[in-house]
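>>> Here is the input, now give the coordinates:
(one chain, ligands or ions: 2)
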Amino acid sequence: MASIEAVGAREILDSRGNPTIEVEVALDDGTIGRAAVPSGASTGAFEAVELRDGGTRYGGKGVGKAVDAVLDVIGPELVGFEASEQRLVDARLLELDGTPNKAQLGANAILGVSLAVARAAADSADLPLFRYVGGPNAHLLPVPMMNILNGGSHADTGVDVQEFMIAPIGAATFREALEQGASVYHALKAVLKEKGLATGLGDEGGFAPDLPNNREALDLITVAVEKTGLVAGKDIVFALDVAASEFFTDGAYQFEGAAKTSAEMQAYYADLAASYPIVSIEDPLDEEDWAGWASMTAELGSKIQLVGDDLFVTNVERLGRGITEQSANALLVKVNQIGSLTETLDSVDLAHRNGFRCMMSHRSGETEDTTIADLAVATNCGQIKTGAPARSERVAKYNQLLRIEEELDDAARYAGRGAFPPLRSGALSSRMSQGRPSGRGQDPRRRTTGSGPRGASRRASTPRPGPGARPGAGPGPRRGVPRQRPPGRGPGQAAPRPRLTGRAAILVLVLAVLMVSYASSMRAYLEQRRHQAALSASISDSRATIADLQREKKRWKDPAYVRTIAHQRFGWVLPGEIGFQVLDDDGKPLGHTDTLSDPSAVTAASRPLWWQSAWGSVVTAGKPDVAARDVPQPVTKIKPPPVPKEKQ
Ligand SMILES: C=C(OP(=O)(O)O)C(=O)O
Ligand SMILES: [Mg+2]
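Ligands and ions are numbered 1, 2, ... in the order given. Purely as a prediction, here's the structure:
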């Protein structure tokens, strides 16, 4: 176990060119963990406070105060804490801040430290972050919800909906899903070009064309999917983040040029979901429209996923209310909305325990930090949204998931269709068939506290192999053990799963050999089982015959039976009785043919000696005496009586 020795922090830039904070935590075993904090644009009103400097520097967006909070307050307090005691570390951070929304030290400062501690602890334990946080069962690769068309506050256009996402649910692996998503992304660019629309990018890497309405965006994406040969609704499904709080003003939704009520918005979504293969809608309504959320969940919740982002802000209290009031059925998970790893994991846990699905999420302002990719696998949440397959701060997360999938190897499972339970029962296709088809129309600085980042220089001088490139990176080769690429997988090649690995091939071979060697024994065994069954049948036949004979023997002890047989078979009668015999046309007795033998002749009949019968059977087998056999001949026993003349 390693304890915290020093905590450093600096101001860096995010993907929008705005300052954000990066924290480094050094442990006494020389390990360093690094984390950078993201930042949103369409932030929820109930998010933890992101501390900014104000003033003129960076338009007031500097994070010098947050850096100071780490260096001067948090760092000295944490020195000596066990890095693996994440809950204790995070609890101390909340205590130090002392406010309900982290307004004192800043959620950005606290989160940076919290995540950097986790990274350092994982590295110190020689584990990739997803394994360290998720334990041995972390194995589920999430469906990438790729935001390929940006609107709302992420683009300078008139498109109201903030994110139009595609989800490649039909892929077998994450790698394949990523490839499919990228091909739709490129096809969309071609479609936009053909139509003379802009192909510039929004904040999350999606295209940002100006469109007359939101349906137009879905139609363009549908055409793009078709262009790739994939099938919308089967291979690729759609998801939206409406970010409705952004256009909820003066008690109404200012949507597509008109003020709409909550009920009108709900009707619009129901119609949209019936027209397009939409599986998930995030923030369809305002963050305080609890009644609207509940009625929309009651109406649509069994068919599509309704995700609370600004509604829940990854906060267990707001999520608890949503669970009680059935306000949604899924939670968007953003680490910086709540501001610590422990609280993030608690929210995911609460959601899962109450049947809510979770989607791990980036922010529109991102960095090269890939923590959320590891958290998506650590929590087995099955869904991640981290933008388009473009712009390095977005693809950094997708690339990290490729590495994790490779590291998990045969243990990896891609969430695919199963990430959205309503799809399992075919709800999507039936919904689609009911609807109409689509086609409508201070200077950046680096300072440290405590004993200084001594470990930093110590460890930095020992480069690590592979993608781990720690500190700050995820799963990669274990120390000094470069990971081999799985056989047969070339760079850039999709690796469809399931595939025949070397181990599987050997297993198949061994099974084949075993089958061949056991085949004859198996045949003999089956033969014996058949023979045994035949013997059992013949034994039970013999038992039945013996029982019959015993019954017959018993009957012969009964004088009445003897009398009856004597009467029937030999025509005998008792003294005083008169017997009749019916004769046939030839004057012979009709009926039985039994005659009594002379008892002395019966007893006198001697059995042949054993060798005589044995020899006789040999002779008979060689020369069967067919002529001597009793061949029954048909005989006329009775003739019809002559018919009287008058009846002729
Ligand atoms: C990622 C999102 O955007 P932002 O980070 O701007 O809140 C979102 O709203 O889900
Ligand atoms: Mg959102």
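
>>> Indicate the residue of the protein located nearest to ligand 2.
Ligand 2 sits closest to D309 of the chain, with a gap of 3.5 Å, by C-beta to the ion. Yep, even glycine has a C-beta here, placed from its N, CA and C like the rest.

>>> Just list whatever residues bridge to the closest residue to that residue other than its chain neighbours.
Sequence neighbours aside, L332 is the residue nearest to D309 in space, at 3.9 Å (criterion: C-beta to C-beta, 6 or more residues apart in numbering). Beta-bridge partners for L332, by DSSP bridges, are M359.

>>> what number of residues lie near L332?
Neighbour count for L332, taken as other C-beta atoms under 10 Å: 26.

>>> so what pLDDT did it get?
With respect to pLDDT, L332 scores 98.

>>> where's it relative to ligand 1, distance?
Separation of L332 from ligand 1 (C-beta to the nearest ligand atom, to the nearest Å): 6 Å.

>>> Over to N213?
21 Å.

>>> And G292, by the same measure?
On the measure of C-beta to the nearest ligand atom, G292 and ligand 1 end up 18 Å apart.

>>> One more: L141?
L141 sits 21 Å away from ligand 1, going by C-beta to the nearest ligand atom.

>>> I'd say that residue and L402 touch.
No. Assessed by C-beta atoms under 8 Å, L141 is found out of contact with L402, at 9.2 Å.

>>> between these two, which one's more packed in?
Each of L141 and L402 has its neighbours counted (other C-beta under 10 Å); L141 has more, 27 against 18.

>>> re earlier: between L141 and L402, what contacts are shared?
When C-beta atoms under 8 Å, 6 or more residues apart in numbering defines a contact, the residues bordering L141 and L402 alike are F174.

>>> contacting residues for the residue nearest to D309?
Here L332 is in contact with E282, V307, G308, D309, F312, T314, C358, M359, S361, K385 (C-beta under 8 Å, 6+ apart).

>>> same question, L350
Counted by C-beta under 8 Å, 6+ apart, L350 has contacts V316, L319, G320, I323.

>>> when you check ligand 1, which of the contacts of L332 turn up near it?
D309, S361 (C-beta under 6 Å from any ligand atom).

>>> State the pair within the contacts of L332 that is farthest apart.
Using C-beta to C-beta, these reach their maximum pairwise distance at F312 and K385, which is 15.1 Å.

>>> Quick check: residues of the chain near ligand 2?
D241, D309 (C-beta under 5 Å from the ion).

>>> The nearest residue to L341 once chain neighbours are set aside: how many residues sit nearby?
Residue nearest to L341 in three dimensions, not counting chain neighbours: S114, with 4.7 Å by C-beta to C-beta, 6+ apart. For S114, the count of nearby residues is 28 (other C-beta under 10 Å).

>>> The one 10 residues further on too?
Residues near S124, counting by other C-beta under 10 Å, number 21.

>>> measure it to I110 for me?
Shown here: S124 relative to I110, a distance of 21 Å by C-beta to C-beta, to the nearest Å.

>>> try V79
Taken as C-beta to C-beta, the span from V79 to I110 is 17 Å.

>>> Please, which helix or strand holds F164?
For F164, the element it lies in under DSSP states H and E is strand 163-168.

>>> Which positions in whichever strand or helix holds A187 come out as buried?
For A187, the enclosing helix or strand under DSSP H and E is helix 174-194. Buried residues in helix 174-194, counted by 16 or more other C-beta atoms under 10 Å: 174-189, 191-192.

>>> Please name every helix or strand in contact with that helix.
With contacts taken as 3 or more C-beta pairs under 8 Å, 6 or more residues apart in numbering; DSSP states H and E, helix 174-194 sits against strand 143-144, strand 146-150, strand 163-168, helix 214-228, helix 392-408, strand 413-414.

>>> So which elements touch the fourth one?
Read it as helix 214-228. Applying 3+ C-beta pairs under 8 Å, 6+ apart, we find helix 214-228 packed against strand 146-150, strand 163-168, helix 174-194, strand 236-241, helix 262-275.

>>> Between the ones you listed, which one is closest to E407.
Closest of the helices and strands packed on helix 214-228 to E407 is helix 174-194, at 11.9 Å (criterion: C-beta to C-beta).

>>> before we move on, the earlier item: who touches the helix holding A187?
Contacts for helix 174-194 (C-beta under 8 Å, 6+ apart): 141-144, 146, 148-149, 166, 168, 170-171, 198-199, 207, 209, 220-221, 223-225, 227-228, 230, 235-236, 388-390, 398, 401-402, 405, 412, 414, 416, 494-497.

>>> still on that earlier bit, got a list of what the residue nearest to L341 touches?
A35, Q86, V89, D90, L93, G339, S340, L341, T342.

>>> my read: the last one touches D90, true?
Think T342. Yes. Judged on C-beta under 8 Å, T342 makes contact with D90 at a distance of 3.8 Å.

>>> biggest helix in the protein by residues?
Longest helix in the chain by number of residues, with DSSP state H as the criterion: helix 502-555.

>>> Can you name the next helix or strand after it?
Scanning forward in sequence from helix 502-555 by DSSP H and E, the next helix or strand is helix 559-570.

>>> Can you check what angle separates that following helix from helix 502-555?
When axes from the mean of the first three to the mean of the last three C-alpha atoms, to 10 degrees is applied, the directions of helix 559-570 and helix 502-555 differ by 90 degrees.

>>> What pLDDT is listed against the residue nearest to L341?
We have a pLDDT of 98 for S114.

>>> and the next element down the chain from the helix or strand containing it?
Secondary structure from DSSP H and E places S114 in helix 107-124. Next helix or strand after helix 107-124 toward the C-terminus (DSSP H and E): helix 129-134.
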